[in-house]
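[1] Sharing a model that was predicted from the sequence below.
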Amino acid sequence: MSGTDKMTNDAPLVLAVPSKGRLQENATAFFGRAGLSFVQARGQREYRGQIAGLGGAEVAYLSASEIVAQLSSGSAHLGITGEDLVREQVADADASMVMLAPLGFGQANVVVAVPQAWIDVRTMADLDDVAATMRARTGRKLRVATKYVNLTRRFFANHGLADYRIVESLGATEGAPAAGTAEIVVDITTTGATLSANALKVLDDGVILASEANLVASVRAPWGKQARDAAAAILSRIAAEEEARSLREVRAVLNAVSPQRLGEIAHRLGARLPFGAAGSDGVVTLHCPRKAVFPLVEELGKAGADDITVRTLDYVFRRSNPLIERLLARI
Ligand SMILES: Nc1ncnc2c1ncn2[C@@H]1O[C@H](COP(=O)(O)OP(=O)(O)OP(=O)(O)O)[C@@H](O)[C@H]1O
Ligand SMILES: O=P(O)(O)OC[C@H]1O[C@H](OP(=O)(O)OP(=O)(O)O)[C@H](O)[C@@H]1O
Ligand SMILES: [Mg+2]
């Protein structure tokens, strides 16, 4: 689709949200914090819904893996999904998608795991030796059970490991060695409980990818005016909530301090004076990084401030934000 077609196509924005599995609850909570709640008209065909009080957008409820497919093809504009699925399912993900932000949930590693009984096998180099020996002695290739076929191929190739064969697994991958269908596995793990239960261990250099849930945008989706406006509204709320969480509001009465001195204190501690210098009542409002709160309070005290209060904020809206900038740079 050419740039002109993209602009004239005025389809609503499609926001893809996990409808099941590990990411569902956290994703809904994430949008909720940003003041985005979903209304799902019952009996609607397809899994479609709306965002309360926000026009020009539709919510598509899909599995995490289907979300990747739709972002990649351009059927959805924005979505939440796991980076593991993006890297596995899309060869050149950075050409068709923009990872707007990691979300701090859905953390899991894609790892190479071997039987604990292989006590001398600790690294990919050791595994390479095992594979070569096995090939030489038996003529058979090391079998790797996984649903992460592409991530496995790329990682093994980068480690110069070629004597293996992938056994595609659709579930219960960790059971494959015990079942005798593969020698080793590549799978996703969080607590490691499933690996342990199956007497498997992760190789020291066997972490293929440290994944987490991401807010992802599609480059190929039809970004007409309606979709752009809806994206701006959604991303501004998400960014405002994130910004608020990283900051504290510090207020104080500062009569005897020069604007220069105040500016210097703020600058040194990474704080801003969003509403400018003190008014006639001497009250100043600072926004400072969470970690700088107490140093800032001390500095203000030394400068003669009285009645210093610190508050958390719900939202800090700015004219622009890193999320929308990252998106606009690509569409
Ligand atoms: N312990 C975990 N195991 C699997 N996935 C996890 C885990 N923790 C976080 N995730 C993330 O959640 C994503 C979705 O996994 P989940 O198992 O919920 O999907 P699913 O709905 O079960 O899909 P499928 O039926 O294909 O497994 C994973 O791709 C990964 O990004
Ligand atoms: O390290 P742990 O915390 O034990 O988690 C890892 C397990 O969780 C996932 O399976 P899931 O429960 O999603 O089942 P599935 O493979 O059928 O999707 C994954 O495939 C592992 O089997
Ligand atoms: Mg699963």
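    Okay, I see it. In this text the structure is predicted, and so the values were computed from the model without any measurement. Numbers count the residues shown, from 1 in each chain. Ligands and ions are numbered 1, 2, ... in the order given.

[2] in the sheet, who's paired with the residue of the stretch 201-331 of the chain found nearest ligand 2?
    Of the stretch 201-331 of the chain, the residue with the smallest distance to ligand 2, taken as C-beta to the nearest ligand atom, is residue 202 at 10.0 Å. To be clear about C-beta, it is placed using only N, CA and C from the backbone, and glycine gets the same treatment. Taking DSSP bridges as the rule, residue 202 bridges to residue 113.

[3] what's the spacing between it and ligand 1?
    Distance of residue 202 to ligand 1, given as C-beta to the nearest ligand atom, to the nearest Å: 14 Å.

[4] Do I have it right that that residue meets residue 110?
    No - judged on C-beta atoms under 8 Å, residue 202 makes no contact with residue 110 at a distance of 10.4 Å.

[5] Neighbour count for the two, which is higher?
    Set residue 202 next to residue 110 and count neighbours by other C-beta atoms under 10 Å: residue 110 wins out with 24 against 16.

[6] OK, contacts around that one?
    84, 148, 151, 186-188, 207-209, 211 (C-beta atoms under 8 Å, 6 or more residues apart in numbering).

[7] Now, of those, which are buried?
    84, 148, 151, 186-188, 208-209, 211 (16 or more other C-beta atoms under 10 Å).

[8] Helix or strand: which one has residue 111?
    Element membership of residue 111 [criterion: DSSP states H and E] is strand 108-115.

[9] Also residue 205?
    Here residue 205 is assigned to strand 200-211, by DSSP H and E.

[10] same check, this time on residue 84
    Short version, using DSSP H and E: residue 84 is in helix 83-89.

[11] who's in contact with that helix?
    Outside helix 83-89, the residues within contact range by C-beta under 8 Å, 6+ apart are 64-65, 67-69, 72, 93, 97, 99, 102, 108, 110, 147-151, 188, 209, 211-214, 216.

[12] does the residue of the chain most remote from its centre count as helix, strand or coil?
    Within the chain, the residue lying farthest from the chain centre (C-alpha atoms, centre = their mean) is residue 256, at 46.0 Å. Taking DSSP: H, G, I helix; E, B strand; the rest coil as the rule, one finds residue 256 in the coil state.

[13] re the thing from before, next one: the residue of the stretch 201-331 of the chain closest to ligand 2 from residue 208, what distance?
    10 Å (C-beta to C-beta, to the nearest Å).

[14] Find residues that contact each of the two.
    Common contacts of residue 202 and residue 208 (C-beta under 8 Å, 6+ apart): 109, 111-112.

[15] Quick check: of those residues, which has the highest neighbour count?
    residue 112 (25 neighbours).

[16] Check that residue and give its pLDDT.
    In this model, residue 112 is scored at 98, pLDDT.

[17] ok, so what distance separates it from ligand 1?
    For residue 112 relative to ligand 1 (C-beta to the nearest ligand atom), the value is 16 Å.

[18] Tell me the spacing between the closest residue to that residue other than its chain neighbours and ligand 1.
    Excluding the flanking residues, the one nearest residue 112 by C-beta to C-beta, 6 or more residues apart in numbering is residue 206, at 3.6 Å. Between residue 206 and ligand 1 the computed distance is 17 Å (C-beta to the nearest ligand atom).

[19] Now do residue 206: how many residues are near it, please.
    Neighbours around residue 206, by other C-beta under 10 Å: 21.

[20] Surely it touches residue 122?
    No - using C-beta under 8 Å, residue 206 is not in contact with residue 122, being 9.2 Å away.

[21] Okay, now the unreliable bits of this protein?
    Applying pLDDT under 70 to the chain flags residues 1-8, 41-46.

[22] Got the domain ranges for it?
    3-107+212-242+321-328, 108-210, 247-311 (automatic domain parsing).

[23] Pick the most buried one from those domains.
    Among those, the stretch with the highest mean neighbour count (mean count of other C-beta atoms under 10 Å) is domain 3-107+212-242+321-328, at a mean of 18.

[24] Now residue 174: closest residue in space that isn't a chain neighbour?
    residue 198 (4.1 Å).

[25] Next one: the one you found from residue 232, what distance?
    Taken as C-beta to C-beta, the span from residue 198 to residue 232 is 47 Å.

[26] how close does residue 165 sit to residue 132?
    When residue 165 is compared with residue 132 (using C-beta to C-beta), they lie 14 Å apart.

[27] now do residue 235
    50 Å.

[28] Repeat that for residue 150.
    Relative to residue 132, residue 150 is positioned 23 Å away (C-beta to C-beta).

[29] dump the residue contacts of the closest residue to ligand 1 within the stretch 51-200 of the chain.
    Residue of the stretch 51-200 of the chain nearest ligand 1, by C-beta to the nearest ligand atom: residue 82 (2.0 Å). Listed by C-beta under 8 Å, 6+ apart, the contact set of residue 82 reads 23, 64, 106, 108, 211-214.
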